[in-house]
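Visitor: My questions concern the predicted model and sequence given below.
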Amino acid sequence: MSTTEPATAGGAAPTDGGPNYLSHKQILVVLGGLMAGMFLAALDQSIVGTALPQIVSEFNSLDKLSWVVTAYLLTSTASTPLWGKISDLYGRRPLFIAAIVTFLAGSVLAALSQNIEMLIGFRAVQGLGAGGLMSLAFATIGDVIPPRERGKYMGYFGAVFGLSSVAGPLLGGLLTDGPGWRWIFWINLPIGIVALGIVGAVLKLPHVRRSHKIDYLGAATVSAAVTALLLAVSWSGPTNGWGTGTTLALLIGAVVLAVAFVVIELRVAEPIIPMDLFKGRIFSGYAGFAFLLGFAMFGALIFLPLYLQAVKDLSPTRSGLALLPMIVGIFSASIPSGQLMSRTGRYKIYPIISAVMVGGAMVLLSTLALSTPYWQLAIYMFVMGAGLGLSMQITVTAAQNSVPRVHMGSATSTMTFFRSMGGAIGTAVYGAVLTSRLKVHLTDLVPQAAQSMVDRLAEAANSVQALHLLQEPMKGWALHGLVDAMDDVFLVSLPFLAIALVLAIITPEQKLAGREDGQQNASDDSLESSAAAAMH
């Protein structure tokens, strides 16, 4: 992005032939296809968890269990900036279709896997497609809906993301208990075919081809940096230890590659992630906010099902149903806040309230005990969901609104990339905190005469089935230690949410452009000055 380009509202600048905004009726049709595609990607982040015990039993590969999750996470995160950039060059429609086809191909192959190595490889193919589905859905919304109207539609995307987070464990449990774990992949086919049909038929956006040069070196470097980081935090750290040579080498390698990537992006003509985007205080502020909220959010999404299954002794299917208050919270906040944002053109207050509510929910969740009644937990989950719903998609709209239209895809995919990275790192950090604090609490709980059992109890806590097979008083000690360790995990998120709150407060606001705005409204002088300062 040249610094001489005007910082026009996302989707409103006539950079590539002017905005091509659709009517409300057209938007609703397109929205169906985009939401189906996004639902596919978001669902597969959570649906596999409940099937893992059965997969391990069939393939007898407990030592490779984490790779089934890590492979998907790795390729979906690393590929996100690539999909956005390439779609800026070639257009959204062909890339979104390619992402759906890639995801469905990975799903079919995963369902047909004959061993754990095949499943890991095909999960990586799925992740590659998922990286495109997530980022391109938001970028396409930026193309066809003006920023001022985007809020009332983006709220539905927040609801879809929340629905997938709850439906994943529920659907995974039902399919695993019923026809078998392979159906968690077959179920993607009808949803994907519907999305493919809608997008192929109605998403026909004009795209002006321009001279381009793909930044292959930057693509390889960012992929390698993300791979090294996720391998360190998701595999080597938890498995080998955080001070071992392998973990340290991966972390140092990730830092070196990240620095190299920034240097490369500053020098190439067509960067994967234009570094000038981060000169804007609006974009950089909300990118940091997305990272921190992703960090906090995934902790709750991962450990609440564990609490319900281990402590409350619910089946995977029932634990999925028990998470419904969170999805109700997301719906009840994301849709009205989006409508209000479209009505007023303002959005700054929502991320601020979001950070406060999510922080409050984490404080409440840190009080969970063995005897906490479900109605109380349901209130905590509702508060968490409402907090997430207030900002999940609003920050994307604000970031899109602050960059030139030519960088819509790159800006959107970069926001998705930061949230995914926050979630990946947060998951690893929370896992490490849980493991270390569990032993501390068990040492305090177990009588001196039985201290030799601490390691055995800590190991049993890694499996819900193993926990429930323990005899009293060992089962009581293990569950008590697990809940105390989970309370510590929720508290760990608070400093990060405090930083997110500060970012939300200090990030300037740029009033959202309407359908009639080719440039910023001349009457919004103070906001325009703020936006200009933010971009330069």
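Guide: Right, received. Where do you want to start?
Visitor: Tell me the helix or strand right after the host helix or strand of Thr435.
Guide: Assigned by DSSP states H and E, Thr435 belongs to helix 408-445. Per DSSP H and E, the first helix or strand lying C-terminal to helix 408-445 is helix 454-460.
Visitor: ok, back up a step: just checking, what packs against the helix holding Thr435?
Guide: helix 65-90, helix 116-144, helix 216-231, helix 237-240, helix 281-306, helix 394-401, helix 454-460, helix 474-506 (3 or more C-beta pairs under 8 Å, 6 or more residues apart in numbering; DSSP states H and E). The C-beta positions use only the backbone N, C-alpha and C, and glycine is treated the same way.
Visitor: Minimum distance to Phe59: which of those helices has it?
Guide: With distances scored as C-beta to C-beta, the stretch of the helices and strands packed on helix 408-445 nearest to Phe59 is helix 116-144 (4.3 Å).
Visitor: Next, the angle from the helix holding Thr435 to helix 65-90.
Guide: 160 degrees (axes from the mean of the first three to the mean of the last three C-alpha atoms, to 10 degrees).
Visitor: Redo the helices and strands packed on helix 408-445 as JSON lines? Include mean neighbour count.
Guide: Formatted as JSON lines, the helices and strands packed on helix 408-445 follow (neighbours: other C-beta atoms under 10 Å):
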{"stretch": "helix 65-90", "mean neighbour count": "24"}
{"stretch": "helix 116-144", "mean neighbour count": "25"}
{"stretch": "helix 216-231", "mean neighbour count": "20"}
{"stretch": "helix 237-240", "mean neighbour count": "16"}
{"stretch": "helix 281-306", "mean neighbour count": "24"}
{"stretch": "helix 394-401", "mean neighbour count": "29"}
{"stretch": "helix 454-460", "mean neighbour count": "17"}
{"stretch": "helix 474-506", "mean neighbour count": "19"}
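Visitor: Just send these back as a markdown table, with mean pLDDT and distance to Ala432 too.
Guide: Shown next, in a markdown table, are these (pLDDT from 0 to 100; distance: least, C-beta to C-beta, whole Å):
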| stretch | mean pLDDT | distance to Ala432 |
| --- | --- | --- |
| helix 65-90 | 76 | 13 |
| helix 116-144 | 83 | 23 |
| helix 216-231 | 83 | 14 |
| helix 237-240 | 74 | 6 |
| helix 281-306 | 83 | 12 |
| helix 394-401 | 81 | 27 |
| helix 454-460 | 73 | 14 |
| helix 474-506 | 89 | 10 |
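Visitor: Would you check that Val406 makes contact with Ser87?
Guide: No. Taking contacts as C-beta atoms under 8 Å, Val406 lies outside contact range of Ser87: 11.8 Å.
Visitor: Overlap of the contact sets of the two?
Guide: Counting by C-beta atoms under 8 Å, 6 or more residues apart in numbering, Val406 and Ser87 have no contacts in common.
Visitor: Centre-most residue in the chain?
Guide: Ser420 (4.3 Å; C-alpha atoms, centre = their mean).
Visitor: Just list the residues touching that residue, thanks.
Guide: Neighbours of Ser420 in contact, by C-beta under 8 Å, 6+ apart: Leu73, Ser76, Thr77, Thr80, Met134, Gly294.
Visitor: Report the angle between the helix holding Thr435 and helix 474-506.
Guide: 140 degrees.
Visitor: Which among the helices and strands packed on helix 408-445 is found nearest to Pro447?
Guide: Checking these against Pro447 by C-beta to C-beta gives helix 474-506 as the closest, at 8.9 Å.
Visitor: can you redo the helices and strands packed on helix 408-445 as CSV with distance to Val263?
Guide: As requested, these are arranged in CSV below (distance: least, C-beta to C-beta, whole Å):
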stretch, distance to Val263
helix 65-90, 16
helix 116-144, 24
helix 216-231, 9
helix 237-240, 27
helix 281-306, 18
helix 394-401, 24
helix 454-460, 44
helix 474-506, 26
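Visitor: Minimum distance to Leu170: which of these has it?
Guide: Evaluated over the helices and strands packed on helix 408-445, closeness to Leu170 peaks at helix 281-306, with 9.9 Å, by C-beta to C-beta.
Visitor: Please report how far the nearest residue in space to Trp83 that is not next to it in sequence lies from Gln448.
Guide: Distances taken as C-beta to C-beta, 6 or more residues apart in numbering place Gly132 nearest to Trp83, at 3.8 Å, with adjacent residues excluded. Distance from Gly132 to Gln448, counting by C-beta to C-beta, to the nearest Å: 56 Å.
Visitor: thinking again about what came up before, of the helices and strands packed on helix 408-445, which is nearest Phe261?
Guide: helix 216-231 (4.4 Å).
Visitor: For Val101, grab the count of nearby residues.
Guide: Neighbour count of Val101, defined by other C-beta atoms under 10 Å: 14.
Visitor: And for Val259?
Guide: 12.
Visitor: Distance check, it against Ala498.
Guide: Per C-beta to C-beta, Val259 is found 28 Å from Ala498.
Visitor: now swap in Ala485 and tell me
Guide: On the measure of C-beta to C-beta, Ala485 and Ala498 end up 22 Å apart.
Visitor: for Lys312, same thing?
Guide: Shown here: Lys312 relative to Ala498, a distance of 30 Å by C-beta to C-beta.
Visitor: what's the helix or strand for Ala249?
Guide: With DSSP H and E as the test, Ala249 turns up in helix 245-267.
Visitor: What average pLDDT does that helix get?
Guide: Helix 245-267 carries an average pLDDT of 91.
Visitor: Could you list every helix and strand that it packs against?
Guide: helix 216-231, helix 237-240.
Visitor: quick one on the thing from earlier: buried residues of the helix holding Thr435, list them for me.
Guide: 408-434, 437-439, 441-442, 445 (16 or more other C-beta atoms under 10 Å).
Visitor: same thing with stretch 188-197?
Guide: Residues Asn188, Ile191, Gly192, Ala195, Leu196 are the ones in stretch 188-197 that count as buried (16+ other C-beta under 10 Å).
Visitor: Keep only those of those that are in helices.
Guide: Assigned to helices by DSSP state H, the following of those qualify: Asn188, Ile191, Gly192, Ala195, Leu196.
Visitor: Spit out the contact partners of the last one.
Guide: What that stands for is Leu196. Gly33, Ile97, Ile100, Val101, Leu104.
Visitor: go again using 6 Å as the cut-off
Guide: Ile100 (C-beta atoms under 6 Å, 6 or more residues apart in numbering).
Visitor: Determine how far stretch 227-246 lies from the middle of the whole chain.
Guide: 21 Å (C-alpha atoms, centre = their mean, to the nearest Å).
Visitor: Endpoints of that stretch, how far apart?
Guide: Stretch 227-246 has an end-to-end distance of 14 Å (criterion: C-alpha to C-alpha, to the nearest Å).
Visitor: who's in contact with it?
Guide: Against stretch 227-246 from outside (C-beta under 6 Å, 6+ apart): Thr70, Leu74, Thr247, Leu250, Leu251, Gly253, Ala254, Ala424, Ile425, Ala428, Gly431.
Visitor: Now for those: which two are most distant?
Guide: Counting by C-beta to C-beta, the most remote pair of the contacts of stretch 227-246 is Gly253 and Gly431, 21.2 Å apart.
Visitor: So what's the residue count around Thr317?
Guide: Thr317: 19 surrounding residues under other C-beta under 10 Å.
Visitor: In three-state terms, label Ile272 for me.
Guide: coil (DSSP: H, G, I helix; E, B strand; the rest coil).
Visitor: what separates it from His468, distance-wise?
Guide: Taking C-beta to C-beta, one finds Ile272 at 48 Å from His468.
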